[in-house]
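*Asks:* Build me a structure from this.
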Amino acid sequence: MHITQLNRECLLHLFSFLDRDSRKSLAGTCTQLRAVFQDPALWPRLHFRSLAELTKDNFLLGPALRCLSIRWHSSRVRVCSVEDWLKSALQRSLCSRHERLVSDFLLQVGDRCPNLASVTLSGCGHVTDDCLARLLRCCPRLRTLRLENCARVTNRTLAAVAAHGRALQTLHVDFCRNVSAAGLGRLRAARPRLALRAEHSAAMLPDQAPRAPAPELAPAALRKLRLC
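*Replies:* Sure, this is the predicted structure:
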């Protein structure tokens, strides 16, 4: 019996055991298998481990997606968690490209995946408050949002959760250094039933550019101060 003689349900079950690259390769063999690859029902979960994976065409974003996980900790990506004023021009350019890539991807997720129920973002130093606020607005069924070591997440994301995360039941903001105790307190007051976890976030030092040194007084000004 040839694989193309199987019905759609059997083919979807067969495809579900394959990784994304294998699914893409098998889909390239005939139009029938390509149609299976393009079936949204094949893609209820997506997990990414690098930025490069977001640019590939070996997956499909669609209304069947329920669980999205993006976790990466490569040395190049860790640069994006460093405070901006400490970065070189080359590093800022690299981080800007990363931010555009992730922003564009999450924009597509918001547009195509309204039934998303769970999102995990770990080590994503380029994810911004604006991206998360839009995701919350576009995915009203989102129940779980886990953010870990997302350096650009601030109290604005907590405010967006209070305003738009009506279905949200669980929120983790672990090691997000720009989330404050005051912001967490306001969210707990607004959403008392929300299971909120913030390991080490409020206790970490937030991003803060160094203060400019005070200008030195001219000798004449110093003499005037002494006379006073």
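
*Asks:* what residue ranges in the chain score low on pLDDT?
*Replies:* Across the chain, the ranges flagged by pLDDT under 70 are 1, 73-88, 90-94, 202-228.

*Asks:* Could you pull out the helices in it for me?
*Replies:* 8-15, 20-27, 31-37, 51-54, 75-78, 89-112, 129-138, 155-164, 181-190, 219-227 (DSSP state H).

*Asks:* Quickly note the distance from G123 to V102.
*Replies:* From G123 over to V102 the distance is 11 Å, taken as CB to CB, to the nearest Å. Heads up, the C-betas are built off the backbone N, CA and C, glycines and all.

*Asks:* Apologies, that question was intended for R137.
*Replies:* From R137 to V102 the distance is 18 Å (CB to CB).

*Asks:* Please apply the same query to R49.
*Replies:* R49 is 14 Å from V102, where distance means CB to CB.

*Asks:* Comparing the two, which residue is more hemmed in?
*Replies:* The residue with more neighbours, out of R49 and V102, is V102; 21 against 12, by other CB atoms under 10 Å.

*Asks:* Now that one: closest residue in space that isn't a chain neighbour?
*Replies:* Closest residue in space to V102, ignoring its immediate chain neighbours: H126 at 5.0 Å, by CB to CB, 6 or more residues apart in numbering.

*Asks:* do A190 as well
*Replies:* Using CB to CB, 6+ apart, the closest residue to A190 is A162 (4.1 Å).
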